[in-house]
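Novice: model the structure of this input:
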Amino acid sequence: MTEATLVRIEQLTGDIEHVEQLGEQGGTSIVYRIEAKKGSYLLKTATEARYLEWLAEEAIVLEEWMQREPGFLPEYVGFFKTEQQNHLLMQWRDGMTLTTALRQATSEQRIQLWQAFGTYLFQFHQRTTGGTSQEWLTERLMTAERYVASAWTSGTLDLLKRLKSSCPEPITASWIHGDCTTDNLFIATDGTLSFIDVGAMRPGDRRYDIALAISPIIDDPSALDAFYEGYRFERLTKREFDYYEHGLYSFF
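Specialist: Numbering: from 1, shown residues only. Coordinates of the predicted model:
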């Protein structure tokens, strides 16, 4: 971390007492814990072009949701740019990701966690937004095409053509996370659940969230039933799951 970056952080946090690098988050950004006199903060720093874009989008989402539903997402503190880097600062929350919690859980706790994930996602998806999922899917396919042209993705043009020719029937749009994996659901020490890594959160197709959420348990009937016990909307068909998880998600 450069001296210029530290100066910008202190403008937001006050005097810094300690900085700890925590490692990379999904290969997209470097994460730091910042201890300052005013409190604890989390800093995400991105360098590569695609991830610069994603971090800027996440900053916009966090700032908007602070006004929309304070406390629902990690608290936004600030966003700034230094030479060839973007930086997003938010309040620190103690806890762990759902991925870590599942790894540490007993068999019974694991089932309970999957049901809790389903319930949380069900409650989130009840935030309907008007319009249909088609607008979101059209935008995602256009972005996928841009990523292919920029060599930013493992998805191929052949796969993109197949996706464009076999779009699922539109449904009513609702708020979605947009990268709804167990890595991106955070469990605070008090048991509160919240999304993290929210750059793709927008009105869209809830089936995409479901497909990503259930991917690890698609062949685990007990965990899958527990998830859907919490998630009380309809189950995905195999065709829908394959379209979103094995198709569209390949580009992102």
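
Novice: got a list of what the closest residue to Thr172 other than its chain neighbours touches?
Specialist: Distances taken as CB to CB, 6 or more residues apart in numbering put Thr128 closest to Thr172, at 5.8 Å, once the chain neighbours are dropped. (Glycine included, C-beta is placed from N, CA and C.) With contact taken as CB atoms under 8 Å, 6 or more residues apart in numbering, Thr128 is in contact with 172-175.

Novice: any low-confidence regions in the stretch 1-150 of the chain?
Specialist: For the stretch 1-150 of the chain, the stretches with pLDDT under 70 are 24-26.

Novice: for it, which segments count as helices?
Specialist: 3-13, 49-68, 98-104, 107-125, 133-149 (DSSP state H, counting those that start in this stretch).

Novice: nearest to Thr156, out of those helices?
Specialist: helix 133-149 (7.1 Å; CB to CB).

Novice: which residues does Lys44 bridge with?
Specialist: Val31, Leu88 (DSSP bridges).

Novice: now do the contacts for it.
Specialist: 25, 29-32, 55, 58, 87-88, 90 are the contacts of Lys44 under CB under 8 Å, 6+ apart.

Novice: what's the most distant pair in the residues you listed?
Specialist: Counting by CB to CB, the most remote pair of the contacts of Lys44 is Tyr32 and Glu58, 15.6 Å apart.

Novice: the more surrounded of the two?
Specialist: Comparing Tyr32 with Glu58 by other CB atoms under 10 Å, the one with more neighbours is Glu58, at 27 against 20.

Novice: wait, that one touches His87, no?
Specialist: No. Using CB atoms under 8 Å, Glu58 makes no contact with His87, being 11.4 Å away.

Novice: Gly71: neighbouring residues, count only.
Specialist: 10.

Novice: try the one 5 residues further on
Specialist: Applying the criterion other CB under 10 Å, we find 20 residues in the vicinity of Tyr76.

Novice: the closest residue to it other than its chain neighbours: how many residues sit nearby?
Specialist: Excluding the flanking residues, the one nearest Tyr76 by CB to CB, 6+ apart is Leu62, at 3.8 Å. The number of residues packed near Leu62 is 22, by other CB under 10 Å.

Novice: you'd agree Leu62 is up against Pro74?
Specialist: Yes. Shown here, Leu62 and Pro74 form a contact pair, counting by CB under 8 Å, at 6.6 Å.

Novice: now the common contact residues for these two.
Specialist: Counting by CB under 8 Å, 6+ apart, the residues touching both Leu62 and Pro74 are Met90.

Novice: quick one, strands of the stretch 101-250 of the chain?
Specialist: Applying DSSP state E, counting those that start in this stretch to the stretch 101-250 of the chain gives strands spanning 128-132, 172-176, 185-188, 193-195, 202-204.

Novice: I'd like these laid out as CSV, including distance to Phe79.
Specialist: CSV is the format used below for those (distance: least, CB to CB, whole Å):
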stretch, distance to Phe79
strand 128-132, 24
strand 172-176, 21
strand 185-188, 20
strand 193-195, 18
strand 202-204, 18
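
Novice: worst average pLDDT in those strands?
Specialist: Note on these: lowest mean pLDDT is at strand 128-132, with a mean of 88.

Novice: strand partners (parallel or antiparallel) of that strand?
Specialist: Strand pairing (DSSP bridges) places strand 128-132 next to strand 172-176 (antiparallel).

Novice: next, the angle from the strand it pairs with to helix 107-125.
Specialist: In terms of direction (axes from the mean of the first three to the mean of the last three CA atoms, to 10 degrees), strand 172-176 departs from helix 107-125 by 120 degrees.

Novice: quick one: strand 172-176 to chain centroid distance?
Specialist: Strand 172-176 has its C-alpha centroid displaced from the chain centroid by 15 Å (CA atoms, centre = their mean, to the nearest Å).
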